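1. Fold the following for me, if possible:
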Amino acid sequence: MPTNIILMPLFGQVLLTFIMWVVMYKTRIGEMKAKKIHPQKLVDKTKAKELLIGVAGPADNFNNLFEIPVLFYLLTIVIYITQSGDKILLGLLTAFVISRYIHSYIQATHNTVIWRFKVYSFGTTLIWVGWAVLGFKLFS
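-> Take a look at the predicted model:
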């Protein structure tokens, strides 16, 4: 397996983060214009949450993309540096990124909590399994 292929899911995750950044700003600006909210009224997160209720999903999702995905980024880089990539780890990383796309879609649209939680739990489990597989490969 080519060494660089393990980085493909990483680029997919970065693309998702960019997409959600665009969605977040587009929806926020749209709601600000519709409600005639002056930008200075959004001086901190608390005020933004109070005034921009209709677009909380994309903003919350953008923040979520810097939580568990940090472990994904670190896992990917450690795999790359140690040249430990294989089809199993590539599959786990790819499945995680797909789960994040689904999670983002759910949170930014209908935001059904039980489905969002199930997808989140599945994706997070993939990362824990990935770390376990890597640990086994490196230390056994």
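2. Can you mark which positions in the helix or strand bottoming out on mean pLDDT in the chain are buried?
-> Least confident helix or strand, the chain: helix 45-51 with a mean of 80, by mean pLDDT, DSSP states H and E. Along helix 45-51, the positions that meet the burial threshold by neighbour count (16 or more other Cβ atoms under 10 Å) are A48, L51. All C-beta atoms are positioned from the backbone trio N, CA, C, and that covers glycine.
3. Could you list the residues in contact with it?
-> R28, K35, I37, K41, L42, A56, A59 (Cβ atoms under 8 Å, 6 or more residues apart in numbering).
4. Among those, the buried ones, what's the PyMOL command?
-> Filtering these down to the buried ones (16+ other Cβ under 10 Å) takes a single PyMOL command:
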select buried, resi 28+37+42+56+59
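5. can you list the contacts of helix 45-51 in CSV and add distance to I79 and pLDDT?
-> CSV is the format used below for the contacts of helix 45-51 (distance: Cβ to Cβ, whole Å; pLDDT from 0 to 100):
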residue, distance to I79, pLDDT
R28, 36, 89
K35, 46, 89
I37, 44, 88
K41, 45, 87
L42, 40, 85
A56, 35, 85
A59, 31, 87
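6. Let me have the contacts of helix 45-51 in TSV, extended by secondary structure.
-> Below are the contacts of helix 45-51 laid out as TSV (DSSP: H, G, I helix; E, B strand; the rest coil):
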residue	secondary structure
R28	helix
K35	helix
I37	coil
K41	helix
L42	helix
A56	helix
A59	helix
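7. Between the contacts of helix 45-51, which sits nearest F18?
-> Among the contacts of helix 45-51, A59 lies closest to F18 (Cβ to Cβ), at 15.0 Å.
8. Name the nearest residue to the closest one, ignoring sequence neighbours.
-> M24 (5.1 Å; Cβ to Cβ, 6 or more residues apart in numbering).
9. Sounds good, over and out.
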